[in-house]
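how does the following fold in three dimensions:
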Amino acid sequence: MTDSPFGFSNPDDDPERRDKDKSGSSGSGSSGRGQGGDTGGTGGGPAGDPFSQFGLGGAGGFDPASLGKMLSQFGQMLSGMGSSMGQGGGEQGSPVNYSLAQNVARQHLGSFSPVSESQRQAVTEAVKLADVWLDGVTTLPSGAQRTAAWTPVDWLDNTLPTWPQLCDPVAEQMSGMWVGAMPEEAKNLIGPMMGIVRQMGGAAFGSQLGQGLGHLAKSVLSSTDIGIPLGPAGTAALLPEAIAGFSEGLDVPHREVLVFLAAREAAHQRLYSHVPWLRSRILAAVEEYARGITIDISAIEEAARNIDPSALTNPAEIENLLSQGVFEPQTTPEQKAALDRLETMLALIEGWVEAVVTSALHDRIPSTSALAETLRRRRASGGPAEQTFANLVGLELRPRRIREATQLWSQLAAFGSLEQRDGVWAHPDLLPDSSDLNDPAGFVDRTVGGGDTSAFDDPIAELQRTEERERSEREAQGRKERGQEEQGRESDSDENRGGDDSGSDENGGEQPRG
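Residues are numbered from 1 along each chain as shown. Down below sits the predicted model:
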């Protein structure tokens, strides 16, 4: 991945400034001064510069215009630490300070246009129209109980409750491994300050999360844009301002883009509303990935020996420690397997959504295929949402195999039925795996052409039919055995009667005289 993931670094979300800082650092001398003055941040300034994270450094030196922003963010960090005193790194024992993250994200968003009544009405009508069209191409009923037109701040407020499920496993694993790797003498030395260290770590994580969420909130198009249900259940939400920006440069009418994205959002809501195990399965896959995180312990121990405990009260020092290369995660076979399962699941979700949306809209919206291809490439190449999510959680959620998954679902509906295609979601064990994406035709043949496909219609009914068949076979076997027993008894009876007649002739009958 190009940017380091959440908890491992303090990435600069402005590529232009990052490139500028790198070029400035390459020309700086040993004194740490760039072109024209002291530099801050990671771009050639002194390591651990406490103002770097607030954007006060750079090739031009200290920027007085940014002083107010720096003081405001620093005050928020101290306020967040105070509110989480005695509760670990964040609220209610969380390793991330989410109050700080929310405040930093809101400042990062800056100004934005409020949603107008006409935009709200357009979103509502687009979702309702898309739901009507989707009724004819899927057996899953509508899952959008309500519609919403969100601003970036609305997206932030409505999705923030979901982020702890995604970020806490990574942050807990990282903080636990870091503290556990410290030498005993270091643990004893900073023992009384361990609570402060955790709070500072939670504040550092929260600051980085807030910057990432602020960037993500301005680029997502809907509540399910990255494939994971971040918003409230049953709410189909679109972001009109982001959609308007997405439409620029496309030779497609804005109305068509809106209805197309509304259909995708409505299709996601159908899937997540009527496949109850799907949401928890995805979140569990992220947690499984986090549990497999490992770090070079020897490198951490070496770094821990050089830690000045007094410096751990400085937020900039905490972020400086987290940004060191020794904290980069080591890829393990378990993580690769977990990531493969997660990417396959996301590809199946996106493939199903693309299949049903294309089937519903291709005769109604001429640009459907072009828009689908645009979104597919955006996801596969890692758009803003995927890049920011990689920074926050440490996962590159790029379902690269959307095309194969779409082909699989389309063939399953074409050679089978809509009921068979949608029935695959009845249980996670029925879903295709990564090997099936390599051979979609083989999966379709096994499901439709080569075997009994009734299990995909209704697994419970199939179980009942199996029990009924087994019971009938047992009854038939019992009748056969009883028939054999009756034949055996009749045979014995005939033999006995034949023997009695012979004896009567020998003993009871008159014998001829010679």
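
quick one: the strands in this protein?
For the chain, the strands defined by DSSP state E cover 33-34, 37-38, 146-149, 235-238.

list the neighbouring strands of the third one plus their orientation.
Sheet neighbours of strand 146-149, with direction, are listed as strand 235-238 (parallel) (DSSP bridges).

show me the contact partners of the partner strand.
Residues from elsewhere that reach strand 235-238 (Cβ atoms under 8 Å, 6 or more residues apart in numbering): 123, 126-127, 144-150, 154-155, 158, 221-223, 231, 258, 261-262, 265-266, 269. For every residue, glycine as well, the C-beta is placed using N, CA and C.

show the average pLDDT along that strand.
Computed over strand 235-238, the mean pLDDT rounds to 96.

cool, and stretch 474-482?
74.

can you check stretch 286-298 too?
The model assigns stretch 286-298 a mean pLDDT of 71.

then stretch 372-390?
The model assigns stretch 372-390 a mean pLDDT of 73.

for stretch 266-275, same thing?
The predicted model gives stretch 266-275 an average pLDDT of 95.

what's it in contact with?
So stretch 266-275 is contacted by 127, 130-131, 134, 138, 140-144, 222, 224, 229, 233-236, 278-279, 349, 352-353, 356-357, 425 (Cβ under 8 Å, 6+ apart).

ChimeraX command to pick out the buried ones of the residues you listed?
In ChimeraX syntax, the buried subset of the contacts of stretch 266-275 is picked out as below (16 or more other Cβ atoms under 10 Å):
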select :127,130,131,134,138,140,142,143,144,222,224,229,235,236,278,279,349,352,353,356,357,425
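
tell me which of the contacts of stretch 266-275 fall in helices.
127, 130-131, 134, 278-279, 349, 352-353, 356-357 (DSSP state H).

out of those residues, who's nearest Val170?
Arg279 (18.7 Å; Cβ to Cβ).

test my guess that that closest one contacts Pro229.
Yes: with contact defined as Cβ atoms under 8 Å, Arg279 counts as touching Pro229 (5.5 Å).

any idea how far Pro232 is from the residue nearest to Leu209 when sequence neighbours are not counted?
Of all residues not flanking Leu209 in the chain, Ala101 sits nearest, at 4.1 Å (Cβ to Cβ, 6 or more residues apart in numbering). Distance of Ala101 to Pro232, computed by Cβ to Cβ, to the nearest Å: 19 Å.

just Ile365 next, same as before
On the measure of Cβ to Cβ, Ile365 and Pro232 end up 28 Å apart.

so those two - more neighbours on which side?
Ile365 (22 against 15; other Cβ atoms under 10 Å).

show me the contacts for the more buried one.
By Cβ under 8 Å, 6+ apart, the residues touching Ile365 are 256, 259-260, 371.

what about Ser247, how many residues nearby?
Neighbour tally, Ser247, other Cβ under 10 Å: 16.

that one is in contact with Val257, isn't it?
Yes: the criterion here is Cβ under 8 Å, and Ser247 meets it with Val257 at 4.7 Å.

who wins on neighbours among the contacts of Ile365?
Phe260 (25 neighbours).

measure the nearest residue in space to that one that is not next to it in sequence to Glu241 for me?
If the residues on either side of it in the chain are set aside, Phe260 comes closest to Leu371, at 4.9 Å by Cβ to Cβ, 6+ apart. Plainly put, Leu371 is 19 Å away from Glu241 if you go by Cβ to Cβ.
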